[in-house]
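>>> Sequence and predicted structure, then a few things I'm wondering about:
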Amino acid sequence: MNRQLKQDYYLKNDRAQTFHSDVLKGLSADPKKLSSKYFYDTTGDRLFQQIMAMPEYYLTNCELEIFQNKTEELTRAISNINESFDLIEMGAGDAMKSSYLLKNLVDKGTDFTYMPIDISGNILNVLQQNLKKKLPDLEIFPLEGDYFDMLDKATGISKRKKVVLFLGGNIGNMEIEEARHFCSEVKRKLNTGDLFLVGFDLKKNPHTILAAYNDPAGITASFNLNLLTRINHELKADFKVDQFQHYQNYDPVSGACRSFLVSLCDQEVQVAGHSFHFKENELIDMEISQKFSEHDIKKLATDSGFHILMEVKDAKNWFVDSIWMV
């Protein structure tokens, strides 16, 4: 086995071990909890593509509008004449939105390398194939793994200026304190003058927000329930998926939109040789999708040690891409 194959093998084994330990730890907690970062296997990727295409899921169109119609503003904010840089996108997915920025930068002859980070190797392969067709001159270096492990790797590859993208409102998938720690860690890994572009879903009519996560077609429910199917396949578990139900709620005061799975009966589930008891109506905490006010964003930036350089909003003022500087 050559060196690269060995590295790939050990990396994949490490991820499998982390998934194993995180699931067991989460199901042993009170209340039970599973990490939303594990939603994205091959089926999860496909379901999330369907979610982003739903008319109720406004987030995609709002941020897409920013990247389609205000590309020049974004380009001017992140790049200076004759300054080369690395454009690092955490949670890149299929790069549907960032591809507009990438094209603009390539068309202008900007000297940069695109480094997409994603936990899903499947979606990174799709991304790389698509971008090579659309932008053959783009220099791309995909990084599969957790955000900070791969950010360390990305910052170690070159000493050039770093521009880090964190789009899609993904910052909202953390509790407020966790988000503060996350942003502080990003700042700690960057240098003076480096930039952090963060997408925030803004507080708005609570009915609009709830509909985005509780669609009548049940795609979001399938997306959440698929994690149980993944655990069955990868950890030799015996979840009866039809004995769990998706539940969503939104608190317009705190801005927390939360999803749960509800056990529909008293049941015992085996996972990797461990037994877990679920009472009827017991919850598994699956995901938070935090919404922000402008005050919340300013406080988060300040507390994390950043200066807000610029903000770009969609036409409805429902979403903002906030550009922070170290």
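Okay, I see it.
>>> can you give me the helices for this protein?
3-28, 42-53, 58-69, 71-78, 98-107, 121-134, 147-157, 176-189, 206-213, 219-235, 294-303 (DSSP state H).
>>> Kindly report which one of the ones you listed carries the lowest mean pLDDT.
Ranked by mean pLDDT, the helices of the chain end with helix 3-28 at the bottom, a mean of 72.
>>> which residues does Ile117 contact?
Ile88, Glu89, Met90, Gly91, Ala92, Leu143, Glu144, Gly145, Tyr147, Met150, Leu151, Ala154 (CB atoms under 8 Å, 6 or more residues apart in numbering). For glycine as for every other residue, the C-beta is placed from the backbone atoms N, C-alpha and C.
>>> Now do the contacts for the third one.
Each residue near Met90 by CB under 8 Å, 6+ apart is listed here: Ile117, Tyr147, Met150, Leu151, Val164, Leu165, Phe166, Asn170.
>>> which non-adjacent residue is nearest Phe200?
Phe292 (4.7 Å; CB to CB, 6 or more residues apart in numbering).
>>> Next one: the one you found from Asp194, what distance?
Distance, Phe292 to Asp194, using CB to CB, to the nearest Å: 22 Å.
>>> re earlier: buried ones from the contacts of Met90, can you make that a PyMOL selection?
Buried residues within those, by 16 or more other CB atoms under 10 Å, are selected in PyMOL with:
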select buried, resi 117+147+150+151+164+165+166+170
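>>> could the contacts of Met90 go into JSON lines alongside distance to Ser222?
Converted to JSON lines, those look like this (distance: CB to CB, whole Å):
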{"residue": "Ile117", "distance to Ser222": "26"}
{"residue": "Tyr147", "distance to Ser222": "26"}
{"residue": "Met150", "distance to Ser222": "28"}
{"residue": "Leu151", "distance to Ser222": "31"}
{"residue": "Val164", "distance to Ser222": "32"}
{"residue": "Leu165", "distance to Ser222": "28"}
{"residue": "Phe166", "distance to Ser222": "26"}
{"residue": "Asn170", "distance to Ser222": "20"}
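>>> Closest one of the contacts of Met90 to Lys298?
Distance ranking of the contacts of Met90 against Lys298, using CB to CB, places Phe166 first at 17.0 Å.
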